[in-house]
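**Q** following is a predicted model, sequence given first.
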Amino acid sequence: MTKSKPPTPRKTREFQNHHFDSTIWNDFKFRDNDIIIATYAKSGTTWMQQIIAQLLFNGADNLEVAEMSPWIDLRVPPKEVKLSVIEAQTQRRFVKTHLPVDALVFSTKAKYIYIGRDGRDILWSLYNHHATANDAWYQALNDTPGRIGPAIEKPHTSITQYYHDWLDNNGYPWWPFWENVRSWWAIRNLPNVCFVHYANLKMDMPGEIRRIAEFLEIPVDEEKWESILLHCSFDYMKQNATKSVPLGGAFWDGGAQTFIHKGTNGRWRDILQKEESLKYEQYAAKELGNECARWLASGKMV
């Protein structure tokens, strides 16, 4: 049975907080074949940026991926600074977003890759990200002009309490999780949208990279294939983290290697009680429906 294609999304709202300024999208000038990497956060965004850089630049070493691929809706630096940098790029552009679909401008010129990951794994990575952030990180997000809404504060010392706060308060202290996943899931059948799951990248990175290359219409140079795989490996990215992490990791205690932390799934299994884990699964089924919840947990499409 052929699945019906959803209509092309329209932007219907702005989303602004300590991190976001979705109005930046209103002035972004799309080019043919722009690549948009979309995730909630901590779902493999930096990994996907590395993969796409390796495909575009044919396995080159020491690419400044963080500079090449900015987070377009992050409110710092200011809109005019960020957009001028992106506009000046001459290569095929690849930027990232953490917005739900209805808060960005969607273009048929671009190709979109959405990466999913079990929310419990996301939360464990978010906690490390938050708990190791330094004063410069808080100053950039809370004290620079343009912040809408409350500041982001230091995290709870208990990761378990952090988990419950995030579930019970709609993504607090970050942003809503379920609406992000739902919004992208609704357009998964559009021809310029590709879904990738973190667990599948972990299980079969070569196969997933070839699938991504095919979607992006980037020919794979077989002579450079081993270099591409090496440069997309966790060990390589950890060792060369300053190239792929914003500002070389200056916002985190321990630097860029703290940002690229463990890259593993399931750390919550040793901490959460059975009923605490089940609480997440019940939320997922209610908020996403069984099919989407199953994909988010396993990476398996029905």
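**A** Nice, I can see it.
**Q** what about this structure, any weak spots by pLDDT?
**A** Residues of the chain that meet the criterion pLDDT under 70 lie in 1-4, 242-249, 253-263.
**Q** hey, which helix is longest across it?
**A** helix 274-288 (DSSP state H).
**Q** name the residues of that helix that come out as buried.
**A** Of the residues in helix 274-288, Lys279, Tyr280, Tyr283, Ala284, Glu287, Leu288 count as buried by neighbour count, 16 or more other Cβ atoms under 10 Å. C-beta coordinates here come from the backbone N, C-alpha and C atoms, glycine included.
**Q** and stretch 214-233, by the same measure?
**A** Applying 16+ other Cβ under 10 Å to stretch 214-233 flags Phe215, Leu216, Ile218, Lys224, Ile228, Leu229, His231, Cys232 as buried.
**Q** in helices only, show me the residues you listed.
**A** Those of these lying in helices (DSSP H): Phe215, Leu216, Ile228, Leu229, His231.
**Q** ok, the closest residue to the second one other than its chain neighbours - contacts?
**A** When you say that, I think you mean Leu216. Excluding the flanking residues, the one nearest Leu216 by Cβ to Cβ, 6 or more residues apart in numbering is Lys111, at 5.9 Å. For Lys111, the contact set (Cβ atoms under 8 Å, 6 or more residues apart in numbering) comprises Asn33, Asp34, Ile35, Ile36, Asn192, Val193, Cys194, Phe215, Leu216.
**Q** Ala136 against Ala250, yeah?
**A** Yes. With contact defined as Cβ atoms under 8 Å, Ala136 reaches Ala250; the gap is 6.5 Å.
**Q** gap between whichever strand or helix holds Ala293 and the chain center?
**A** If you go by DSSP states H and E, Ala293 is part of helix 290-298. Counting by Cα atoms, centre = their mean, to the nearest Å, helix 290-298 is centred 18 Å from the centre of its parent chain.
**Q** what's the answer for stretch 78-95, then?
**A** 18 Å.
**Q** and stretch 54-64, by the same measure?
**A** Using Cα atoms, centre = their mean, the offset of stretch 54-64 from its chain centre is 20 Å.
**Q** which secondary structure elements does the helix or strand harbouring Met237 contact?
**A** Using DSSP H and E, Met237 sits in helix 234-239. When contacts are defined as 3 or more Cβ pairs under 8 Å, 6 or more residues apart in numbering; DSSP states H and E, helix 234-239 packs onto helix 45-56.
**Q** ok, then the element right after the helix it packs on?
**A** Next along the chain after helix 45-56, with elements defined by DSSP H and E, is helix 65-68.
**Q** verify the stated contact: Gly299 with Asp204.
**A** No. Using Cβ under 8 Å, Gly299 is not in contact with Asp204; the gap is 10.2 Å.
**Q** which one's more surrounded, the two?
**A** Between Gly299 and Asp204, counted using other Cβ atoms under 10 Å, the more crowded position is Gly299 (20 against 12).
**Q** residue ranges of the strands in the stretch 1-150 of the chain, please?
**A** 35-38, 94-97, 111-116 (DSSP state E, counting those that start in this stretch).
**Q** and the angle for the last one with helix 45-56?
**A** Comparing the axes of strand 111-116 and helix 45-56 via axes from the mean of the first three to the mean of the last three Cα atoms, to 10 degrees yields an angle of 140 degrees.
**Q** how distant is strand 111-116 from the center of its chain?
**A** 9 Å.
**Q** report how many residues lie close to Ala133.
**A** The burial count for Ala133: 20, using other Cβ under 10 Å.
**Q** and what of Val302?
**A** Count around Val302 with other Cβ under 10 Å applied: 6.
**Q** pretty sure it sits against Ala293.
**A** No. Between Val302 and Ala293 there is no contact, the gap being 11.4 Å when judged by Cβ under 8 Å.
**Q** leaving aside the residues adjacent along the chain, what's closest to Lys109?
**A** Using Cβ to Cβ, 6+ apart, the closest residue to Lys109 is Phe30 (4.6 Å).
**Q** count the residues that sit near the one you found.
**A** Neighbours around Phe30, by other Cβ under 10 Å: 15.
**Q** can you start the count at 30 instead of 1 from here on
**A** All set: I'll call the first residue 30, so the last point we hit is now Phe59.
**Q** give the contact list for it.
**A** So Phe59 contacts Val134, Ser136, Lys138, Ala139 (Cβ under 8 Å, 6+ apart).
**Q** if I look at it, how far off is Phe49?
**A** With distances taken as Cβ to Cβ, to the nearest Å, Phe59 is found 20 Å from Phe49.
**Q** and if you look at Ala139?
**A** Ala139 is 19 Å from Phe49, by Cβ to Cβ.
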